[in-house]
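K.L.:
what follows is a predicted structure for the sequence shown.
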Amino acid sequence: MTKLSFGAHPYLLGFDQLERLVERTAKAGSDAYPPYNIEQSGEDAFRVTLAVAGFSEGDLSITLEHHALVIRGRQSEEAGDKAYLHRGIAARAFQRSFVLADGVDVAGAAMENGLLHIDLMRSAPDRIVQTIPIKRE
């Protein structure tokens with residue numbers, strides 16, 4: 001049985017990148033740390049919230065890399081040796097990525113009560129009608 005390719009449909013020209021994007025997202029892994037929510041906060045607004053208890057603003061970085069929102073966290077090393085009887089609070093580094101569609105921009109980020117909120121806005125696409133001249137060859 002042959003694999004049906006999304007980009008192979010005759011009416012979908014140039015969508016092969018979208019197919020690769022879906023495959024890359026599916027292979028991204030299912031690491032559940034840190035937990036997150038995605039909510040729609042308006043018609044063209046979204047909010048990504050990550051539970052980052054124990055991380056300070058200086059321990060976190062938010063970047064845009066090739067249409068991907070990338071959040072990284074690395075806690076600074078604590079001075080002194082501690083002897084834990086039980087250690088149930090995760091202190092490991094993380095990287096969480098979200099692929100953004102064209103026209104989706106980061107509006108801002110804020111920390112509140114151990115939650116990192118990242119607000120996203122979708123801008124309205126320009127409606128352009130273009131007439132293509134036909135040349136005689």
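P.N.:
Sure, I can see it. Here the structure is a predicted model, which is why all the values come from computation and not from measurement.
K.L.:
shaky segments in this protein?
P.N.:
For the chain, applying pLDDT under 70 flags the ranges 1-18, 21-31, 77-80, 90.
K.L.:
now with 80?
P.N.:
Low-confidence segments of the chain (pLDDT under 80): 1-32, 76-82, 89-91, 124-126.
K.L.:
all strands of it, in order?
P.N.:
36-42, 45-51, 60-64, 68-73, 94-99, 104-112, 115-122 (DSSP state E).
K.L.:
kindly reformat those as JSON lines containing mean neighbour count and distance to residue 19.
P.N.:
From N, CA and C alone the C-beta is placed, and that goes for glycine too. Shown next, in JSON lines, are these (neighbours: other Cβ atoms under 10 Å; distance: least, Cβ to Cβ, whole Å):
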{"stretch": "strand 36-42", "mean neighbour count": "12", "distance to residue 19": "23"}
{"stretch": "strand 45-51", "mean neighbour count": "17", "distance to residue 19": "24"}
{"stretch": "strand 60-64", "mean neighbour count": "13", "distance to residue 19": "22"}
{"stretch": "strand 68-73", "mean neighbour count": "17", "distance to residue 19": "17"}
{"stretch": "strand 94-99", "mean neighbour count": "16", "distance to residue 19": "13"}
{"stretch": "strand 104-112", "mean neighbour count": "13", "distance to residue 19": "20"}
{"stretch": "strand 115-122", "mean neighbour count": "18", "distance to residue 19": "22"}
